[in-house]
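> quick one, fold the following:
(chains A and B)
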Amino acid sequence: MTLRQRKTGLTLFAYCAVYFLISAALAAEEENLDDLFDDIAEEVTVDDTASVDHLAIFEKDERLKLFGSFSSEAGVAYGWKELPDSSGGFRGADGTIGAKATATLGFDAKPDSTFHVRGSSKTTFDPLAAGEYAFAEPTIEELYLDYTFVDTALIRVGKHSFTWGQGRLYTPGNIVSDSGDGFALRISFPTMLSGVSVAALAQKSFFAEPKNPSIRELVYTAYADHIVGPLRIGAGARVQNAQKGTEIQAFDGLLSSKLLALGTDFFFDAILSTSKNNTSRFDGMAGFFREWGDVKAYGEFFVSVPYDDPASWIRRSGIATAWKRAFGSKVDIATKWLHDWKDSSGCIILGASLVPFSHVTIECGLPFFYGEQGTYYIQKNEDPAKRLFAFATVIKIQGSF
Amino acid sequence: MKKDSIVVRRKCSISIALVIMSLLPAVGFAQTYDKLLKEVDALVSFVDTDLSAEYLIETRDPRGSASATRATMFRRDRTSQYLILVLEPEIDKGKGYLKQGETLWLYDPVGKTFNFTSAKDRFENSGARNSDFSRSSYSDDYRAVSASKQKLGAYSCDVIELEAKNDGVSFPKVKIWVSDDKLVRKIEDYSLSGRLMRTTAIAAYQKIGERRLPAKMVILDHLKYRTVDGKTDFERTTVTITKPSLAPLPDIVYTKEYLQKVAR
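Predicted structure coming up:
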């Protein structure tokens, strides 16, 4: 071995020694839990194992609870009704301001563990939409009773809404979307399969003579859910024997499934709607949902195929993301892109939300609509000024009790 | 020729015997530790009763900010079900987790919606995972690959390295310290590549009948850390379990409808 080789070896050895010493020093500085075991922990024996009733906190406490909320918001939006053409530059600039206030008031009573009544009403002050500088007449949002029958059936009667299907962007599977519009009786058997429920819906619009309704004009629904491993399968139906006194029958059948795989929810809804007036169609929706801590993403694809003209089928897709506390800041950001593949219209929305102080929220949005006049998403633009590209910001003060 | 054949046969027999003998310790090892894991699981499982208790989960992130969640848990080990209802903070009150077999639902009372969630996910953004609320299932989900004896402070422990038998578990590799009384005192959770992900110390147990329930657990999340002046601080979650009860609960408790009913 030459002197030079020896020197190189010694240098390498020195480097290694220093590296291990530093590593050992750093490792020694790491937080450690072993000191928790320095002494044998005293084992506490719980003698009374039956008297603590944790359910009572949820079933018996707070027998009557009042709740409500008030929110007041003001905003400004500026944008353009036309996109730049070949001559360049935006046209149709328009700026608007807006203000709105919403109040809700409700109660929730649980006289005992089997009986529960809940109701809430809502009123809105929206001068720009209603043209009135006064609060609107309050409306009943929900008013229903729950009765638990020998711990096997839950009966809910009154004005209340329930949802089926799994879509967030496209909801063809929610064939009971009008359940909250009138009066509904729903009986659930939660311990049967993974949940079975039947319901009857009544609304003024269902009846030819609302004061003399026929039992055949009521809407009847049923839904059953079953879970097998990571797979959830649901099937439901909605039937109305006679629509508004006519002999037209309506039937909606729903098959719904969700699979949890690779940490992601994959789901689909398939809906077959038929009626005797030849307006039958098939709707389908498939999508995914994934959550990584503060980041969420979901996407859906929707098709609707009319029975009498399958060539005119509709297909739309949407993808959305949300990131809470983006980049470690206090700002939440979100994006959404919806697109109609048939008429090539769509919208892209970028949004951000910040809560700088308690009860104060600042929201900003950048909506961008594209497509020819009369196409689906151009018509769906909820901006009263029909701007295609805009910047909108809203400051909201709100609180609930 | 006949003599050669006898020699070959003898050699084969000896080889087979040697192979069998060399495998015997491995079989013995697997049986020994499989039995130990079963005992470990049995001691903290409540298969003949329901279990309910209050959980306080306090998290301190490496930058020093702290948060706390108080929740009530209802558990039925014989059917692999649990229901967790969040009581605090006020903004999350009414949020609920419902486990039915392999399925875990998360209920949001504001949107009145149910979402599928994963048992591997963090519970309320703390160091605890949703799977930590399930019954202990080391013997079903893992196999022992090595073991040694080690002192852990005042405890004399078997340190067992485990590998997952299925991909439904939160961590594919786990190292557990089991004290002489068959209780798990410390757990290190590893990724497939061998990276330390989480350390849990079960500092104290409470005795309920013949079973045990942790009274206090401390979890260090090795994925959330901050190094200042050579000192590394991890996110630290302390779980305190109080008011355990074995009172029987109706079947309806472990259903979505019940969760909707009580989430106000």
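> backbone dihedrals for residue 249, please?
Picking chain A for this. Dihedral pair for residue A:249: phi -100, psi 150, per degrees, to the nearest 10.
> run a quick neighbour tally on residue 209.
Just going to use chain A. 10 (other CB atoms under 10 Å in any protein chain shown). Where C-beta positions appear, they are placed from N, C-alpha and C, glycine not excepted.
> that's the other chain; I wanted chain B
Applying other CB under 10 Å, we find 13 other residues in the vicinity of residue B:209.
> quick one, helices of the chain?
If you meant another chain, say so; for now it's chain A. Taking DSSP state H to define them, one finds helices in chain A at A:3-28, A:55-59, A:127-130, A:376-380.
> switch to chain B, please.
Using DSSP H, helices in chain B cover B:2-43, B:138-141, B:256-262.
> which residues does the shortest one contact?
Read that as helix B:138-141. Residues from elsewhere that reach helix B:138-141 (CB atoms under 8 Å, 6 or more residues apart in numbering or on different chains): B:34, B:37-38, B:40-41, B:162, B:164-166, B:168-169, B:174, B:176.
> so what's whichever residue of the stretch 151-300 of chain A sits closest to chain B up against?
Chain B sits closest to residue A:190 of the stretch 151-300 of chain A, with a gap of 3.4 Å, by CB to the nearest CB. Contacts here follow CB under 8 Å, 6+ apart; on that basis residue A:190 touches A:154, B:252, B:255, B:256, B:257, B:258.
> got the residues you listed as TSV, with distance to residue A:182, pLDDT and neighbour count columns?
Listed next are the contacts of residue A:190 as TSV, based on distance: CB to CB, whole Å; pLDDT from 0 to 100; neighbours: other CB atoms under 10 Å in any protein chain shown:
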residue	distance to residue A:182	pLDDT	neighbour count
A:154	20	90	23
B:252	28	87	19
B:255	27	89	23
B:256	24	86	19
B:257	22	85	20
B:258	26	87	27
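> would CSV of those residues with distance to residue A:395 be doable?
CSV is the format used below for these (distance: CB to CB, whole Å):
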residue, distance to residue A:395
A:154, 41
B:252, 45
B:255, 42
B:256, 37
B:257, 39
B:258, 40
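> before we move on, back to that, so which of the helices of chain B is the most surrounded?
Highest mean neighbour count among those (mean count of other CB atoms under 10 Å in any protein chain shown): helix B:256-262, with a mean of 22.
> what does that helix rub up against?
The contact list for helix B:256-262 (CB under 8 Å, 6+ apart) reads A:58-59, A:116, A:146, A:148, A:154, A:188, A:190, A:195, B:83, B:85, B:96, B:98, B:105, B:107, B:112, B:114, B:252.
> if we can go back for a sec, what is the lowest-pLDDT residue among the contacts of helix B:138-141?
Scanning these for pLDDT, the smallest score is found at residue B:168, 73.
> look up how far residue A:230 lies from that one.
9 Å (CB to CB, to the nearest Å).
> and residue A:157, by the same measure?
Separation of residue A:157 from residue A:230 (CB to CB): 35 Å.
> which one's more surrounded, the two?
Higher neighbour count among residue A:157 and residue A:230: residue A:230, with 18 against 15, using other CB under 10 Å.
> please name the nearest non-neighbouring residue to that one.
Spatial nearest neighbour of residue A:230, chain neighbours left out: residue A:260 (4.3 Å); criterion: CB to CB, 6 or more residues apart in numbering or on different chains.
> is the one you found bridged to anything, and to what?
With DSSP bridges as the criterion, residue A:260 is bridged to residue A:265.
> how many residues are close by it?
Neighbour count of residue A:260, defined by other CB under 10 Å: 21.
> correct me, but it touches residue A:227?
No. Applying CB atoms under 8 Å as the test, residue A:260 and residue A:227 come out as separate, 10.1 Å apart.
> got any residues that touch both of the two?
Common neighbours of residue A:260 and residue A:227 (criterion: CB under 8 Å, 6+ apart): B:102, B:103.
> pLDDT score for the residue of chain A found nearest chain B?
At 2.9 Å from chain B, residue A:37 is the closest residue in chain A, using CB to the nearest CB. Residue A:37 is assigned 91 on the pLDDT scale.
> which residues of the stretch 51-200 of chain B lie near chain A?
Residues of the stretch 51-200 of chain B found near chain A (CB under 8 Å from any CB of the partner chain) are B:52-54, B:72, B:74, B:85, B:87, B:100-103, B:112-113, B:115-118, B:120-122, B:125, B:152-155, B:185-186, B:199.
> just the buried residues from the residues you listed, in PyMOL please.
The buried residues among these can be selected in PyMOL (16 or more other CB atoms under 10 Å in any protein chain shown) with this line:
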select buried, chain B and resi 52+53+54+72+74+85+87+100+103+115+116+117+118+121+122+125+152+153+155+185+186+199
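> in strands, which of the residues of the stretch 51-200 of chain B next to chain A fall?
Taking DSSP state E as the definition of strands, those contribute B:52-54, B:72, B:74, B:85, B:87, B:100, B:103, B:113, B:115-117, B:152, B:155, B:185-186, B:199.
> okay, now residue 207: neighbour count?
Reading this off chain A. Residue A:207: 18 neighbours (other CB under 10 Å).
> let's do chain B instead
15.
> follow-up on the earlier one: which of the helices of chain A comes out lowest on mean pLDDT?
The stretch with the lowest mean pLDDT among the helices of chain A is helix A:3-28, at a mean of 53.
> residue contacts, the closest residue to the residue of the stretch 151-300 of chain A closest to chain B other than its chain neighbours?
Closest residue to residue A:190 apart from its sequence neighbours, by CB to CB, 6+ apart: residue B:255 at 3.4 Å. When contacts are counted by CB under 8 Å, 6+ apart, residue B:255 touches A:190, A:191, A:195, B:98.
> neighbour-wise, which of the residues you listed leads?
In terms of neighbours by other CB under 10 Å, these top out with residue A:190 at 25 neighbours.
> tell me how far it lies from residue B:102.
Residue A:190 is 18 Å from residue B:102, by CB to CB.
> next: residue A:85.
56 Å.
> hmm, back to that, and which of the contacts of helix B:138-141 is nearest to chain A?
residue B:168 (8.5 Å).
> quick check: residues of the stretch 51-200 of chain A near chain B?
Within the stretch 51-200 of chain A, the positions lying close to chain B (CB under 8 Å from any CB) are A:51-55, A:57-59, A:62, A:65, A:108, A:116, A:146, A:148, A:151-152, A:154, A:163, A:188, A:190-191, A:194-195.
> flag the shaky bits of the stretch 151-264 of chain B, pLDDT-wise.
The stretch 151-264 of chain B contains residues with pLDDT under 70 at B:264.
> closest residue of it to chain A?
Across the stretch 151-264 of chain B, the shortest distance to chain A (CB to the nearest CB) belongs to residue B:153, at 2.9 Å.
> excluding chain neighbours, give the residue nearest to that residue in space.
Nearest residue to residue B:153, sequence neighbours excluded (CB to CB, 6+ apart): residue A:37, at 2.9 Å.
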